[in-house]
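[1] Provide a 3D model corresponding to the input given below.
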Amino acid sequence: MPKLYVLDRMFERTKFIHGREYRYLVKNERRGDVVIQKVVKYLGPVDPVYTKDVNKTWRSNAWLFARSVTESEKKMLNTALVSSSAFVRDRARIILLSLDGGQSKEISGRMGCDVRKVRNAVHAFNTNGLKALQKGKAKGAEPKFTKEQYAKMLMIASTEPQKLGMHFTTWSLPKLRKYFIEKEIVDSISIETIRCLLKADGIKLRKSRRRQYSNDPEFDKKNYG
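    Residues are numbered from 1 along each chain as shown. Sure thing, here's the model as predicted:
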């Protein structure tokens with residue numbers, strides 16, 4: 001008796017890959033006189049290493065879901081959907097979709113964002129609750145110089161150039177930059193960085209005075225009298 005195939009009806013089957021069993025949603029498809037099984041969707045491992053239990057206790061896993069929420073939390077999440085901040089709106093929507101059972105990949109597809117954004121939002125909510133809706137401050141750039149280098153540069157800027165063997169009487173930003181590099185205090189530094197460094201420590205560079213001289217015996221009285 002010939003074997004009958006029901007076409008276009010989807011059903012589940014499993015397949016072993018490298019010793020582990022995985023689930024797939026497949027359907028029969030006829031190609032000429034041949035009927036083949038076409039994979040429609042990957043459903044995950046038969047025995048996932050990480051799972052969500054019926055009591056909704058969560059573990060860090062590849063199938064990440066938002067924890068259960070109280071009525072007040074859900075109300076605040078819905079309110080956040082109309083926030084003026086795109087960050088707050090996106091996070092609230094991600095968490096609500098996750099509460100409805102959406103997987104990270106599905107949510108990222110619906111929102112048109114990277115899956116890492118979804119995972120970060122859900123993980124932040126599970127860890128910090130509604131604080132996850134607040135955008136944290138960006139980390140500042142790492143210091144380019146050590147405390148010793150900063151201290152040495154400040155000390156030099158506060159010292160008269162002639163005491164350090166220089167032929168001029170006052171510092172300027174370009175002169176400081178040249179001195180720092182020539183004396184190998186730093187490998188490189190910009191004039192703007194030096195300006196900010198001095199400003200932060202309240203150091204002001206003295207401006208050199210231009211003096212005028214005259215043969216007029218009354219010169220001093222006229223200018224300083």
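[2] what helix or strand does residue 36 sit in?
    Residue 36 is part of strand 34-45 when elements are defined by DSSP states H and E.
[3] just the pLDDT for the residue found closest to residue 21 once you drop the neighbours it is linked to in the chain.
    The shortest distance from residue 21 to any residue other than its chain neighbours is 4.2 Å, reached at residue 46 (CB to CB, 6 or more residues apart in numbering). Any C-beta I mention is one placed from the backbone N, CA and C, and that applies to glycine too. Turning to residue 46, the model gives it a pLDDT of 73.
[4] test my guess that residue 46 contacts residue 23.
    Yes. Applying CB atoms under 8 Å, one finds residue 46 in contact with residue 23, separated by 5.8 Å.
[5] list of residues touching stretch 100-110?
    63-65, 94, 97-98, 114-115, 117-119, 122 (CB atoms under 8 Å, 6 or more residues apart in numbering).
[6] could you pull out the strands for this structure?
    With strands called from DSSP state E, the chain shows them at 10-17, 20-31, 34-45.
[7] would you mind giving the domain segments of the chain?
    10-45, 71-133, 147-200 (automatic domain parsing).
[8] can you redo the ones you listed as a markdown table with distance to residue 207?
    Shown next, in a markdown table, are the domains of the chain (distance: least, CB to CB, whole Å):
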| stretch | distance to residue 207 |
| --- | --- |
| domain 10-45 | 72 |
| domain 71-133 | 47 |
| domain 147-200 | 7 |
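[9] and among those, the most buried is which?
    domain 71-133 (a mean of 16; mean count of other CB atoms under 10 Å).
[10] low-confidence ranges in this structure?
    Within the chain, the segments meeting pLDDT under 70 span 1-8, 47-63, 136-143, 208-225.
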